[in-house]
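In: Starting from these lines, generate the structure:
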Amino acid sequence: MGNPRINDRTVSDPHPGPPRMSDVARIAGVSKMTVSRVLAGHSVAPATRERVQQAIDDLGYVADAAAGALSSGKSEFVAVLVPSLASSNFSDTVRGLSAALEPHGLQILLGDTDYDLAREERLVRSMLRYQPRCIALTGSQHTEGTRQVLERSRIPVVEMWDLPTNPIDMAVGFSNARAAREMVRYLKDRGYRKIGFLAGASDLDRRGLERLKGYQQEMKAQGLGEPRVIRFGESPITMSHGAPALDALLERWPDTDAVMCVSDMSAFGAIMQCHRRGLRVPDDIAVAGFGNFEVSVCCNPTITTVSVDAYGIGSRAGQLLLSSVASATPRAIPERRKFTIDYTVISRESA
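Out: The predicted structure follows:
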């Protein structure tokens with residue numbers, strides 16, 4: 001009569017939903033342990049393996065990777081957390097990670113923290129239940145709970161975009177404060193002296209706070225007078241935040257001759273508002289951004305900005321994770337814990 005096929009299951013299956021390992025075992029006439037051995041690639045008699053594989057194919061059975069990870073202590077996942085999926089910079093970082101990891105059979109399990117450290121901790125704890133091979137986080141600020149659970153996990157960890165003084169394991173990034181200081185020096189060298197800064201209102205965006213800190217430090221170092229800071233808008237900062245922030249800046253300091261923005265998105269909104277107010281950029285007021293987003297080259301005028309290799313951050317982080325996964329001692333040695341990514345001030349039409 002031959003082996004029962006998928007039609008037998010269709011008629012007699014007592015449970016709804018996708019096929020289970022018990023269905024494969026029943027149709028193949030073997031135990032669930034034998035099915036598990038076939039799926040794991042362990043030694044099984046050729047005829048038995050063929051029968052099990054035929055049942056798998058007939059049923060369209062897909063093994064539960066999470067269950068397999070819990071039983072073996074390994075998975076094919078790398079957990080990655082970013083603060084916003086709406087940001088092209090973080091999307092590029094994820095692309096860089098994926099390009100480094102996928103050729104080695106590792107897939108990304110992606111989470112969006114929405115700039116919320118408590119949410120990050122919840123996601124980390126949830127993802128660790130699936131036994132990821134390693135984990136990549138954005139930023140260096142975490143709750144104590146996040147740090148403790150990652151240190152106890154003993155899996156490779158890389159923090160991206162920042163260079164923390166004491167990384168959990170490894171870090172790939174740059175100094176946002178130094179990059180902002182370099183932009184202040186650039187504007188001063190171009191003849192601007194009354195320089196403002198448009199920042200976000202939330203303290204959750206640590207990288208934005210570092211840029212603000214760098215601006216304030218360099219204004220003082222260059223003797224450029226009182227910092228002119230407007231904090232407006234919750235993270236993530238968008239184009240819509242630029243216009244009201246610029247209005248607030250000019251209402252308080254109408255003689256401002258240049259403005260730095262925490263990102264290219266707010267810089268674009270500020271430039272559009274300059275057009276509406278009849279202000280010429282950069283003749284009446286210069287505008288500079290941060291991030292080198294696509295909008296910076298599509299804007300009129302094009303936006304002077306700080307360019308960071310977001311894809312390179314992801315690629316380098318992926319390479320470090322792969323090296324750690326392959327190492328007999330997964331934690332990085334102290335002198336190899338931090339890796340700096342270059343940034344560049346790109347001079348364009350707006351400043």
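
In: For A270, which three-state class applies?
Out: Using DSSP: H, G, I helix; E, B strand; the rest coil, the structure places A270 in helix.

In: neighbours around it, how many?
Out: 32 (other CB atoms under 10 Å). C-beta coordinates here come from the backbone N, C-alpha and C atoms, glycine included.

In: The one 3 residues further on now?
Out: A total of 18 residues lie near Q273 under the criterion other CB under 10 Å.

In: secondary structure element for it?
Out: helix 264-277 (DSSP states H and E).

In: what helices or strands is that helix leaning on?
Out: Helix 264-277 sits against strand 195-199, helix 239-252, strand 258-261, strand 286-288, helix 295-298, with contacts defined as 3 or more CB pairs under 8 Å, 6 or more residues apart in numbering; DSSP states H and E.

In: Please identify the most buried of these.
Out: Of all these, strand 258-261 carries the top mean neighbour count, a mean of 30, counting by mean count of other CB atoms under 10 Å.

In: got a list of contacts for that strand?
Out: 180, 183-184, 187, 190, 192, 194-198, 215, 242, 246, 249, 267, 270, 282, 285-290, 351 (CB atoms under 8 Å, 6 or more residues apart in numbering).

In: what sits up against the helix holding Q273?
Out: So helix 264-277 is contacted by 198, 233, 236-243, 245-247, 250, 259, 261, 280-281, 284-285, 287-293, 295-296, 299, 301, 303, 305, 350 (CB under 8 Å, 6+ apart).

In: Report the angle between it and helix 239-252.
Out: 60 degrees (axes from the mean of the first three to the mean of the last three CA atoms, to 10 degrees).

In: Dump the C-alpha coordinates for helix 264-277 into CSV.
Out: Extracted in CSV, the C-alpha atoms of helix 264-277 (Å, rounded to 0.1, in the frame of the first residue of the first chain):
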residue,chain,number,x,y,z
ASP,A,264,19.9,66.6,8.1
MET,A,265,16.2,66.1,8.5
SER,A,266,15.8,69.2,10.8
ALA,A,267,18.2,71.1,8.5
PHE,A,268,16.0,70.5,5.6
GLY,A,269,12.9,71.7,7.5
ALA,A,270,14.9,74.8,8.6
ILE,A,271,16.0,75.6,5.0
MET,A,272,12.4,75.3,3.8
GLN,A,273,11.3,77.7,6.5
CYS,A,274,14.1,80.2,5.5
HIS,A,275,12.6,80.1,2.0
ARG,A,276,9.1,80.9,3.4
ARG,A,277,10.6,83.8,5.5
